[in-house]
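K.L.:
Below are the sequence and a predicted model for it; my questions follow.
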Amino acid sequence: MIAVLLAQTIAITGGTVFPVSGPKLEHATVLIRDGRIAAVGTDVAVPADATRIDATGQWITPGLIDGGTSLGLTEIGAVRGTNDAGVSNDTVAAAFNVAEGINPASTLIPITRIAGITTALALPENGLIRGQAVLIDLDGPTLEAMLVKSPVAVMAELSEQTMAAGGGSRAGAAARLRRVLDDALEYSRRRADWARAQIHPLAASAADLAALGPVVRGEVPLIIVANRRSDLATALRIGAEYHLKLILAGAAEAWQMADAIARANVPVLVEPLDNIPSYDGLGVRHENAALLAKAGVRVALLETDTHNARNLRQQAGNAVANGMAWEQALRAVTLAPAEIFGVADRYGSLTPGKVADVVVWSGDPFEFSTAVEHVYIRGREIPLTSRQTELLERYRKLPPTY
């Protein structure tokens with residue numbers, strides 16, 4: 001059955017195409033063959049055996065990518081048995097990879113993908129070093145069918161939430177993170193000595209230090225969640241000291257040091273609807289994403305509420321309303337996250353050869369009233385149904401009451 005689906009040829013014709021990698025194309029065609037983008041343009045020859053989708057008057061974009069969720073790892077927040085995103089027995093869990101906790105049958109996945117989100121980063125939670133994040137497409141009966149990249153990055157956090165890992169101090173948490181990174185370097189150089197117990201006690205388990213080896217070698221990114229300006233500055237210092245491939249996430253006060261982040265060439269994952277001050281980010285503001293982009297920072301937009309990941313396009317719309325260019329916002333939910341997560345050779349734009357994650361919209365995807373008309377993941381058309389639509393149909397007509 002899968003082979004038959006992959007062999008399909010689909011032509012989406014007549015719409016306004018936003019490739020992201022180039023200018024928009026009016027009255028254009030997107031040709032999908034064997035799960036990949038075969039051609040995009042205004043003069044594409046449509047094969048006789050292609051399934052035609054008339055998108056006249058509609059907008060066509062790449063599928064959206066959300067880098068802030070725990071999709072597949074959580075179902076009911078208040079029920080511990082349905083949450084697999086974190087381990088709670090250690091503040092350093094670099095070896096913890098969330099992949100095998102992902103439930104392809106999660107009811108949150110259909111709810112999210114019919115809103116135009118086709119790919120998501122599944123994130124670990126809890127701890128100074130939380131574990132390894134993986135990228136998944138939101139379709140497939142098995143983990144293998146969904147998995148795009150594992151690991152994408154190791155996640156850490158420097159905030160009020162991780163002060164306890166440093167004995168109750170932000171400075172202590174940063175010092176512990178440095179010690180773990182130092183010991184990861186030491187372990188990678190002296191693994192044989194460690195096996196013979198000819199090395200001083202290390203700050204984490206051998207498995208965690210081995211998992212951090214690619215991080216300290218600059219092969220795998222370290223995502224540091226931080227919000228306060230001082231914590232962001234600490235993250236930048238650590239990134240520079242250890243020559244890390246650093247990504248900042250959360251970054252509520254990042255606008256206050258946008259030039260420094262741009263000079264460091266560090267990308268930032270931002271939730272633009274967040275403007276509620278806390279002691280961890282008193283300077284949060286709606287214009288954060290726009291100001292970062294204006295300074296030359298590579299920005300990806302997030303919806304961090306897994307149960308409402310479908311609101312990613314609303315996040316993008318609000319970034320536009322607060323000063324971000326529309327084209328920047330589209331890139332920030334498509335090609336920018338693909339670049340940041342190291343999959344831009346396959347994802348993020350409507351470019352021949354890339355995976356056919358495609359969405360057809362009734363109009364501007366960042367407008368509240370716009371509807372999703374078609375969703376394709378790896379070239380397969382996704383039914384626009386979820387538990388919520390099924391409940392709507394079930395109770396659309398209530399039985400008579402007497």
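P.N.:
On my side now, so go ahead.

K.L.:
Show me the residue sitting in the middle of the chain in space.
P.N.:
Nearest to the mean C-alpha position of the chain, by Cα atoms, centre = their mean, lies Gly67 at 1.5 Å.

K.L.:
Would you confirm that that residue belongs to a strand?
P.N.:
Yes. Counting by DSSP: H, G, I helix; E, B strand; the rest coil, Gly67 is part of a strand.

K.L.:
chain center to the longest helix out of those in the chain, what's the gap?
P.N.:
When the chain is scanned for its longest helix (criterion: DSSP state H), the result is helix 170-189. Averaging C-alpha positions (Cα atoms, centre = their mean, to the nearest Å) puts helix 170-189 26 Å from its chain's average.

K.L.:
immediately after it, which helix or strand?
P.N.:
helix 191-195 (DSSP states H and E).

K.L.:
mean confidence for that following helix?
P.N.:
For helix 191-195, mean pLDDT is 80.

K.L.:
List the contacts of it.
P.N.:
Contacting residues not belonging to helix 191-195 are listed as Tyr187, Ile199, Leu202, Ala206 [Cβ atoms under 8 Å, 6 or more residues apart in numbering]. Glycine gets a C-beta too; all of them are placed from N, C-alpha and C.

K.L.:
okay, now Ala321: neighbour count?
P.N.:
Residue crowding around Ala321 was assessed by other Cβ atoms under 10 Å; the count is 14.

K.L.:
can you pull the contacts of it?
P.N.:
Applying Cβ under 8 Å, 6+ apart, no residues qualify as near Ala321.

K.L.:
circling back: helices or strands up against the longest helix of the chain?
P.N.:
helix 206-216, helix 229-241 (3 or more Cβ pairs under 8 Å, 6 or more residues apart in numbering; DSSP states H and E).

K.L.:
List the buried residues in that helix.
P.N.:
For helix 170-189, the neighbour count (16 or more other Cβ atoms under 10 Å) marks Arg170, Ala173, Ala174, Arg176, Leu177, Arg178, Val180, Leu181, Asp183, Ala184, Glu186, Tyr187 as buried.

K.L.:
Outside of that helix itself, list whatever touches it.
P.N.:
Residues contacting helix 170-189 (Cβ under 8 Å, 6+ apart): 91-92, 94, 128-129, 156, 158, 160, 162-163, 165-166, 194, 199, 202-204, 206, 208-210, 212-213, 215-217, 230-231, 234, 238, 241-242.

K.L.:
cool, and stretch 338-351?
P.N.:
Residues contacting stretch 338-351 (Cβ under 8 Å, 6+ apart): 17-21, 30, 37, 40, 60-62, 65, 67, 119, 121, 135, 148-149, 152-153, 221, 247, 267, 269, 298, 300, 334-337, 354-355, 357-358.

K.L.:
one step back: what is the nearest of the contacts of helix 191-195 to Asn103?
P.N.:
Within the set of these, Ala206 lies nearest Asn103; the separation is 29.7 Å, counting by Cβ to Cβ.

K.L.:
if I look at that closest one, how far off is Arg190?
P.N.:
12 Å (Cβ to Cβ, to the nearest Å).

K.L.:
again with Met163
P.N.:
Met163 is 31 Å from Arg190, by Cβ to Cβ.

K.L.:
domain assignment for this structure?
P.N.:
Domains of the chain are assigned by automatic domain parsing as 1-62+349-402, 64-347.

K.L.:
highest average neighbour count across those domains?
P.N.:
When those are scored by mean count of other Cβ atoms under 10 Å, the highest mean neighbour count falls to domain 64-347 (a mean of 20).

K.L.:
Rebuild the helices and strands packed on helix 170-189 as JSON lines, extending it with mean pLDDT.
P.N.:
JSON lines is the format used below for those (pLDDT from 0 to 100):
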{"stretch": "helix 206-216", "mean pLDDT": "96"}
{"stretch": "helix 229-241", "mean pLDDT": "98"}
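
K.L.:
May I see those helices organised as a markdown table, with distance to Glu327 added?
P.N.:
Formatted as a markdown table, the helices and strands packed on helix 170-189 follow (distance: least, Cβ to Cβ, whole Å):
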| stretch | distance to Glu327 |
| --- | --- |
| helix 206-216 | 33 |
| helix 229-241 | 26 |
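
K.L.:
and Leu244, what is it in contact with?
P.N.:
Taking Cβ under 8 Å, 6+ apart as the test, what Leu244 contacts is Val215, Val216, Gly218, Pro221, Leu222, Ile238.

K.L.:
With distance to Ala55 added, can I get these in TSV?
P.N.:
Shown next, in TSV, are these (distance: Cβ to Cβ, whole Å):
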residue	distance to Ala55
Val215	43
Val216	48
Gly218	43
Pro221	36
Leu222	41
Ile238	47
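
K.L.:
Of those residues, which is the nearest to Leu25?
P.N.:
For the contacts of Leu244, the nearest to Leu25 is Pro221 (33.0 Å; Cβ to Cβ).

K.L.:
Quick check: the closest one touching Lys245?
P.N.:
Yes. Under the criterion of Cβ atoms under 8 Å, Pro221 makes contact with Lys245 at 4.3 Å.

K.L.:
Next, show the common contact partners of these two.
P.N.:
Common neighbours of Pro221 and Lys245 (Cβ under 8 Å, 6+ apart) are Val215.
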